[in-house]
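**Q** Pasting the sequence and the predicted model now:
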Amino acid sequence: MPVENRLIPAQASRLLSGTTLALMLALGQVPASAQSRELPDFSELVDRVGPAVVNIRTAEKVKVPEGQAELNEQMQEFFRRFGIPVPNQRRGAPRGGGTPDDDGPLRRGVGSGFILSADGYVLTNAHVVQGADEVIVTLTDKRELKAKLIGADQRSDVAVVKIEATALPVVKVGDSNASKVGEWVMAIGSPFGLENTVTAGIISAKQRDTGDLLPLIQTDVAINPGNSGGPLVNMRGEVIGINSQIYSQNGGYMGISFAIPIADAIRVADELRAGGRVVRGYLGVLPDDITKEIAEAIGLGKAQGAVIRSVVAGSPAEKAGVEGGDVVTHVDGKVVDKAADLRRLVASVK
């Protein structure tokens, strides 16, 4: 008995549309609207956010020990006597120990930042401005302004600097807690000093524990030296993080980048602007994660919490009766899943 192949109208329509799309893809004739659903266009976001992103250059005076300076001079004289070429030295270079205020060797650095307020408060990483004797902020209109360090918090790697200017473009701060794994994000910064460089990717993970005080946002956005301190921006043009570090085995980008959630960064920035430093709680313990074996040994249903390895003498923990071997499962009603949670929750206590 012959078998009759039939397609109902809806099936036929879908088949034809799919075939048409395949042909258009092959011929490169896919409508722009269809392409935009697959690959986002970041040009509008760059126009909107870019003017509020700045380049940060730093200079740190390097003091040359007196003995080392004398040795260098002796070596140079030795080379001259035997006709060995000696590199030209800068006139006025210091002889003997120390470095004068306007001369001497400098250690230079480059990073990024973004403007929080129209009167010149700029957010960046603490490691960008750490130890700097001079901080220069370059705006997108090429103005170069000296910046004053308002405060830097090493534990969160957040810093605030201030430039004297008005009516500056500012970023829009988003909700990093609402960001989702898989969504598109964009970074703007100065990798290797290349100002206003734009790269893009997706959020790979959230709440990534890297051993730092704050859990970080992981992305695959290309980040390189000089990007530090720049903004991580979502598709609504909102800053949701500060690009701060990468995972690398060779010092360059390897597809894993990390950003400080903007919700945490703003809290730190507000304290720095108010008092120049961040005040945190202190317990005085050395915590460790609870392994499955420890959990079974002490009768916990699962490996959750932090076990106290040691207690600092005279610390608040010792005064409260905390001892080595104690297990902490909650702080102020909040669950402690691992040792890092205990450190963060205690630090958040004022």
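**A** Sure thing, it's come through. Numbers count the residues shown, from 1 in each chain.
**Q** what's the spacing between the longest strand along the chain and its chain's center?
**A** Counting residues, the longest strand found in the chain (DSSP state E) is strand 197-208. Distance, stretch centre to chain centre, for strand 197-208: 11 Å (Cα atoms, centre = their mean, to the nearest Å).
**Q** who touches the closest residue to Gly189 other than its chain neighbours in this structure?
**A** The spatially closest residue to Gly189, leaving aside those adjacent along the chain, is Gly230, at 3.1 Å (Cβ to Cβ, 6 or more residues apart in numbering). The C-beta positions use only the backbone N, C-alpha and C, and glycine is treated the same way. Neighbour list for Gly230: Val53, Gly111, Ser112, Gly113, Phe114, Ala187, Ile188, Gly189, Ser190, Ile242, Asn243 [criterion: Cβ atoms under 8 Å, 6 or more residues apart in numbering].
**Q** which two from those end up farthest apart in space?
**A** Within those, Ser190 and Ile242 form the most distant pair, 14.0 Å apart (Cβ to Cβ).
**Q** who touches stretch 294-311?
**A** The contact list for stretch 294-311 (Cβ under 8 Å, 6+ apart) reads 284-292, 317-318, 322-329, 335-339, 341-342.
**Q** Select from those every entry located in helices.
**A** Judged by DSSP state H, the subset of the contacts of stretch 294-311 located in helices is Lys292, Ala317, Glu318, Ala339, Asp341, Leu342.
**Q** picking that back up, what about burial for the contacts of stretch 294-311, which qualify?
**A** By neighbour count, with 16 or more other Cβ atoms under 10 Å, the contacts of stretch 294-311 hold 284-285, 287, 289-290, 317, 322, 326-328, 336-339, 341-342 as buried.
**Q** need the helices for this protein, in chain order.
**A** 9-27, 32-38, 43-49, 66-81, 126-129, 262-275, 292-298, 316-319, 339-347.
**Q** Could you tell me the least trusted of those?
**A** Among the helices of the chain, helix 9-27 carries the lowest mean pLDDT, a mean of 47.
**Q** Assess the claim that Ala165 and Leu145 are in contact.
**A** Yes: in this structure, Ala165 is within contact of Leu145 by Cβ atoms under 8 Å, at 6.2 Å.
**Q** shared neighbours, the two?
**A** Common neighbours of Ala165 and Leu145 (Cβ under 8 Å, 6+ apart) are Gly120, Leu139.
**Q** Fine by me, thanks again.
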